[in-house]
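**Student:** The sequence and its predicted three-dimensional model are supplied below.
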Amino acid sequence: MLKGYRVQENKLLVEELGAGAIPAAGTTWLDLVDPTLEERTVVADALGIEVPTREEMYEIEVSSRLYMEEDVPFMTALILFHADTPQPETTPITFILTNGCLVTVRYAEPASFRTFIAQIGRRPLRASTPEHIICGLLEAVTERIADILERAAGDLDAVSREVFSETNGAHRRKRRDLTEVLRRIGRSGDLISKTRESLVSITRLITFLSATSKANARKGLRVQLKTLARDTVSLSDHAAFEANNVNFLLQATLGVINIEQNAIIKTFTVAAVAFMPPTLIASIYGMNFDVMPELKWPLGYAFALGVMVLSAILPLLYFKRKGWL
């Protein structure tokens, strides 16, 4: 799908271009969403550029994501999407800054793009140049990432309260499914990891964009890019802190699981030790010897039962006195 955006009365108006349609003069932003070969060819012929393929966008080398061709910067960043689902992902989005027009190539629909497009349809733009549009898109992406990190931090705080909460008695069985807690920590860790990956990619893009002659030509744009760079660095630091928090909670949860497993094993060990003396006594009286005085004693059965009960109670009292129970 190919959409064109042009400025009218200080607002960007969208125009969905059909198959083979040539972008009109004055188009400020061309947005290629999951483009076909024909749409890529139309844009390439209209602007005199080569639109990268999906395979080229997934190249991991920095030189393949940030480069210049005939004074036209090609910049690819990994943008987070599906952040509200259990399986967040990152997708490469390419920004091409030509003379008078910004071209974006993407194969996903991040929420930040939807938010930016909705905003520019309602309110006047501060500036309508392609450079300011790419800055607006990057601002929407960083704001979305900030919201995601804030939500992830809240989820980790809830997990921390659950892991370190005090429970006893009847509430212990109800207390927690620590397997589910581990899953929640894992999901938060995956989300934060994808967020850090996206922030690193965006920071590189901003640095590259700041070094281009088009970005340096306007003072207001330079200030906007510096603000964006500071925001991404700050968010990267916050994401690193939350990643450390994930590691801490993971280790703490595994420690709690280990403690609870040890408590269960201790209970079984105490029970086994407590029943060893009664078992020994029962085994003795189960021997097939002819001469055993208690066998013909009228109180022998009660005596054996009493000795077995007493031999079970004494170890339990000893363990309780030592604080092992």
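**Tutor:** Great, that's in hand.
**Student:** wait, doesn't Leu249 sit right on Val159?
**Tutor:** Yes - with contacts counted by CB atoms under 8 Å, Leu249 reaches Val159, the gap being 5.8 Å. (Each C-beta comes from the backbone N, C-alpha and C, glycine too.)
**Student:** Please enumerate the shared neighbours of the two.
**Tutor:** Ile185 (CB atoms under 8 Å, 6 or more residues apart in numbering).
**Student:** would you say Ile93 is within a strand?
**Tutor:** Yes - applying DSSP: H, G, I helix; E, B strand; the rest coil, one finds Ile93 inside a strand.
**Student:** Kindly state the beta-bridge partners for it.
**Tutor:** Ala77 (DSSP bridges).
**Student:** From what I see, it and Thr76 are in contact.
**Tutor:** Yes - the pair Ile93 and Thr76 qualifies as a contact (CB under 8 Å) at a distance of 6.9 Å.
**Student:** Overlap of the contact sets of the two?
**Tutor:** With CB under 8 Å, 6+ apart as the test, Ile93 and Thr76 both reach Met57.
**Student:** Would you mark the buried spots in the helix or strand in which Ile202 is found?
**Tutor:** Using DSSP states H and E, Ile202 sits within helix 178-210. The neighbour-count check on helix 178-210 (16 or more other CB atoms under 10 Å) flags 181-182, 184-185, 187-189, 191-192, 194-196, 198-199, 201-206, 208-209 as buried.
**Student:** For the stretch 151-300 of the chain, give me the ranges with low pLDDT.
**Tutor:** Applying pLDDT under 70 to the stretch 151-300 of the chain flags residues 166-177, 213-220.
**Student:** Give me the phi and psi angles of Glu50.
**Tutor:** phi -110, psi 110 (degrees, to the nearest 10).
**Student:** What's the separation between it and Gln119?
**Tutor:** Per CB to CB, to the nearest Å, Glu50 is found 31 Å from Gln119.
**Student:** now do Leu156
**Tutor:** For Leu156, the distance to Gln119 - CB to CB - is 30 Å.
**Student:** Could you do Leu80 as well?
**Tutor:** For Leu80 relative to Gln119 (CB to CB), the value is 19 Å.
**Student:** Compare the two and say which one has the larger neighbour count.
**Tutor:** Using other CB atoms under 10 Å, the more surrounded residue of Leu80 and Gln119 is Leu80, with 26 against 13.
**Student:** so the more buried one touches Pro110, yeah?
**Tutor:** Yes - the criterion here is CB under 8 Å, and Leu80 meets it with Pro110 at 6.9 Å.
**Student:** what touches both of the two?
**Tutor:** 141, 144.
**Student:** for the nearest residue to Asp31 once chain neighbours are set aside, helix, strand, or coil?
**Tutor:** Closest residue to Asp31 apart from its sequence neighbours, by CB to CB, 6 or more residues apart in numbering: Lys3 at 4.5 Å. When classified by three-state DSSP, Lys3 comes out as strand.
**Student:** Lys3 contacts Thr28, correct?
**Tutor:** No - using CB under 8 Å, Lys3 is not in contact with Thr28; the gap is 11.8 Å.
**Student:** Correct me if wrong: His132 contacts Leu225.
**Tutor:** No - using CB under 8 Å, His132 is not in contact with Leu225; the gap is 10.6 Å.
**Student:** for Ile49, what are its contacts?
**Tutor:** With CB under 8 Å, 6+ apart, Ile49 has these contacts: 43, 69, 72, 96, 98, 103.
**Student:** Mind listing residues that contact stretch 110-117?
**Tutor:** 14, 79-81, 83-84, 91, 93, 106, 136-137, 140-141, 143-144.
**Student:** Try it again at 10 Å.
**Tutor:** 3, 5, 12, 14, 29, 31, 33, 79-84, 89-91, 93, 104, 106, 133, 136-145, 147-148, 198 (CB atoms under 10 Å, 6 or more residues apart in numbering).
**Student:** do stretch 253-263 as well
**Tutor:** Residues outside stretch 253-263 that contact it (CB under 10 Å, 6+ apart): 159-160, 162-164, 172, 175-176, 178-179, 181-182, 184-185, 269.
**Student:** Can you show me the helices along the stretch 201-325 of the chain?
**Tutor:** 213-216, 219-285, 300-322 (DSSP state H, counting those that start in this stretch).
**Student:** Now distance to Glu61 too, for these, in TSV please.
**Tutor:** Converted to TSV, those look like this (distance: least, CB to CB, whole Å):
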stretch	distance to Glu61
helix 213-216	23
helix 219-285	21
helix 300-322	64
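**Student:** All set now, cheers.
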